[in-house]
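Participant: quick one: sequence and predicted model below, then my questions.
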Amino acid sequence: MIRDLRNLRRVVAIVRTLAAHDALFPLRKAGLSPGAIRALAPLLGVRRRRSGGREGERLAAALHALGPSFIKLGQALSVRPDLVGDAIADDLSALQDRLPPFPAAEARAAIEAEFGGPLSALFAWFDDEPVAAASIAQVHFAVTSEGEEVAVKVLRPGIEEAFSRDIELLRWLAELVERRAPGLRRLRPVETVETIAESVAVEMDLRLEAAAGDELRANFAGDSTFRVPRMDWARTGHRVLTCERMRGIPVDEKALLMAAGHDIPAIIANMARVFFLQVFRDGFFHADLHPGNLLVAGDGAMVALDFGIMGRIDKRTRQYLAEMLIGFLTADYRRVAEVHIRAGYVPADQSVDAFAQAARSIAEPIFGLPLGEISLARLLAQLFRVTERFRMTTQPQLLLLQKTMLVAEGVGRRLHPGTNMWELARPLIEQWMADHMTPEARAAAALEEAGRTIERLPALIAVMEETVGRFSRGGLKLHPDTVSALTGRDRPRPARWPWLAGAAVVAGLLWAVL
């Protein structure tokens, strides 16, 4: 009850902020009639003012005014046109995660508290003027006591508590939506909030961000065309991250890039290649590729910064994604439909032909555009929108990928409007499929998965035995044959292992070749 009252008070404050920016339309989209909104306004003390701009622009301004958590919410909604529509999603994608910097004295104090000593013991020089300030942290340039130039990222004071309060509110609202609006459950509002919460939790432990940067750097070891800064682990902790300072021109500064003699088409081709390698080769990709996080070094190499938001895609999802993209690129819409059903994104009882028809209705208008205007990110977004009647569930990992693709497309289009980076990546995707989708490759993957399943069997069996024990302690009785099958009490335990292991291997091989 106390929680509900506290959250209701915060909802009132949020509604007032929305009204101040003439952005109450989300209440209407949620089902409240204009009359109900007008009736509620005086009760909530809301003073609605009229302002110019599109709905999405006004909503973005309101979310920015509400603070860091709501900026993150807006960025998450920018890849959910199924929730907010294409126009609003476009405007929210421009929502900048920028806030005024906090005082340098607080940054210095945070660093000293993190490492338990004076800042001078760590850095010979520390620039009090931050080079960047966002909702969660800000960055200062410095020189270590050993003379290395570094960038130092410091969390905002009190940011953990602020995010905790806001995430609790968003979780409460999402649970309310799922209870009161069953038709919206397929959009997974609770899961969407949990995805934001997990992302924020990673961003607020800078050791995890440093580890992500290290992993990405290791994945591209020896690749001279893509660089990731080296992490300074001796000066990295929970609230402070120190890494090698990198130099370059922001990737969207076309005039500066051309003045420096860079080959613009080559930059776009390298972006496409690096993106492909991250997604399909490694299944681990930078998911915050706005231009401020991508630089072009003097020798033309791409330089990545800021690893707080990363995405992971397992191998099976990568296979589905590659097959789906090739299906669209080759206008094989039945293949697209079959992949969605095989992946479990669309229930198996849905019509393959009807889904293929829906895929065609989305893709043909997009692929009829000039090459430079074709957007696979837009295609995925529209696919998510029209599939409600096929009971397609939201796929958070693909939404994050779609957002990243959208940003990458925007950068590529600004640099060279006539070039489509996905067409450049198409041969790489086709080669990857040729290497990984053969019966032999699938059989090898299945054997590997079967091995992992066998490794997990002792823990699974222990869980089953504990479950049987709880049934018995609760007065529930299972058939003796069931108890024997689950626990093995009537026969030596090792006897079941060959059967279980063999079944796992056979099942994996069947999956691979069928």
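Facilitator: Great, that's in hand.
Participant: which strand or helix spans residue 242?
Facilitator: strand 240-244 (DSSP states H and E).
Participant: which elements pack onto the next helix-or-strand element following that strand?
Facilitator: Remark: after strand 240-244, the chain's next helix or strand is strand 249-250, criterion DSSP H and E. Contact here means 3 or more Cβ pairs under 8 Å, 6 or more residues apart in numbering; DSSP states H and E; on that basis strand 249-250 packs against helix 254-259, strand 294-296. For the C-beta atoms, the positions are set from N, CA and C on the backbone; glycine is no exception.
Participant: and residue 287, which of these is closest to it?
Facilitator: Nearest to residue 287, of all the helices and strands packed on strand 249-250, is strand 294-296, at 12.6 Å by Cβ to Cβ.
Participant: avg pLDDT for the closest one?
Facilitator: Averaged across strand 294-296, pLDDT comes to 95.
Participant: check which element follows that strand along the chain.
Facilitator: strand 302-304.
Participant: so what strands line up beside that next one?
Facilitator: Strand pairing for strand 302-304, using DSSP bridges, gives strand 226-227 (parallel), strand 294-296 (antiparallel).
Participant: touching the strand holding residue 242 from outside, list them.
Facilitator: Here strand 240-244 makes contact (Cβ atoms under 8 Å, 6 or more residues apart in numbering) with 110-111, 114-115, 142, 144, 148-155, 206-207, 209-210, 213, 229-232, 235-236.
Participant: pull the distance from it to the chain's centre.
Facilitator: Averaging C-alpha positions (Cα atoms, centre = their mean, to the nearest Å) puts strand 240-244 23 Å from its chain's average.
Participant: likewise for stretch 368-384?
Facilitator: 20 Å.
Participant: now stretch 117-124
Facilitator: For stretch 117-124, the distance to the chain centre is 36 Å (Cα atoms, centre = their mean).
Participant: any idea how far the nearest residue to residue 267 once chain neighbours are set aside is from residue 378?
Facilitator: Spatial nearest neighbour of residue 267, chain neighbours left out: residue 296 (6.1 Å); criterion: Cβ to Cβ, 6 or more residues apart in numbering. Counting by Cβ to Cβ, to the nearest Å, the separation of residue 296 from residue 378 is 26 Å.
Participant: repeat for residue 342
Facilitator: In terms of Cβ to Cβ, residue 342 sits 24 Å off from residue 378.
Participant: pick out whichever of the two has more residues nearby.
Facilitator: residue 378 (21 against 13; other Cβ atoms under 10 Å).
Participant: let me see the contact set for the more buried one.
Facilitator: Neighbours of residue 378 in contact, by Cβ under 8 Å, 6+ apart: 86, 366, 406.
Participant: next one: it from residue 60, what distance?
Facilitator: Where residue 60 is concerned, residue 378 sits at a distance of 19 Å (Cβ to Cβ).
Participant: where in this structure is pLDDT low?
Facilitator: By pLDDT under 70, the low-scoring segments of the chain are 1-4, 27-52, 79-83, 183-184, 186-187, 371, 384-388, 393-397, 437-457, 459-514.
Participant: the same query, at a cut-off of 50, please.
Facilitator: Scanning the chain for pLDDT under 50 picks out the ranges 483, 486-487, 491-514.
Participant: mind telling me what element residue 177 is part of?
Facilitator: Residue-wise, residue 177 maps onto helix 159-180 under DSSP H and E.
Participant: got the buried residues for that helix?
Facilitator: For helix 159-180, a neighbour-count test (16 or more other Cβ atoms under 10 Å) marks 159-160, 162-163, 166-174, 177-178 as buried.
Participant: how far does that helix sit from its chain's centre?
Facilitator: Counting by Cα atoms, centre = their mean, helix 159-180 is centred 19 Å from the centre of its parent chain.
Participant: so what does it touch, helix or strand wise?
Facilitator: Going by 3+ Cβ pairs under 8 Å, 6+ apart, helix 159-180 lies up against helix 2-20, helix 68-77, helix 189-203.
Participant: what pairs with the residue nearest to residue 267 across the strands?
Facilitator: When assigned by DSSP bridges, residue 296 has beta-bridge partners residue 249, residue 302.
Participant: could you count how many residues lie near it?
Facilitator: 22.
Participant: neighbours around the residue nearest to residue 354 when sequence neighbours are not counted, how many?
Facilitator: Distances taken as Cβ to Cβ, 6+ apart place residue 390 nearest to residue 354, at 7.6 Å, with adjacent residues excluded. Applying other Cβ under 10 Å, we find 18 residues neighbouring residue 390.
Participant: let the chain start at 106 from now.
Facilitator: OK, 106 is where the count begins now, so the last one is residue 495.
Participant: does residue 495 touch residue 451 like I think?
Facilitator: Yes - with contact defined as Cβ atoms under 8 Å, residue 495 counts as touching residue 451 (5.0 Å).
Participant: straight-line length of stretch 512-526, end to end?
Facilitator: Length of stretch 512-526, first residue to last, Cα to Cα, to the nearest Å: 12 Å.
Participant: contacts for that stretch, please.
Facilitator: Where contact means Cβ under 8 Å, 6+ apart, the residues beyond stretch 512-526 that reach it are 198, 356-357, 359, 362, 369-370, 372-374, 376-377, 380, 394-396, 399, 475-482, 527.
Participant: for stretch 369-388, same thing?
Facilitator: For stretch 369-388, the external contacting residues (Cβ under 8 Å, 6+ apart) are 321, 324-325, 330-331, 356, 359, 362-363, 389-391, 399, 401, 405, 407, 417-420, 423, 426-427, 506, 509-510, 513, 516-517, 520-521, 524, 526-527, 529-530, 533-534, 537.
Participant: got it, and stretch 158-171?
Facilitator: 119, 122-123, 125-128, 130-131, 156, 175-176, 178-179, 189, 192-197, 199-201.
Participant: quick one: residues contacting the residue nearest to residue 372.
Facilitator: 353, 354, 355, 356, 362, 367, 372, 407, 408.
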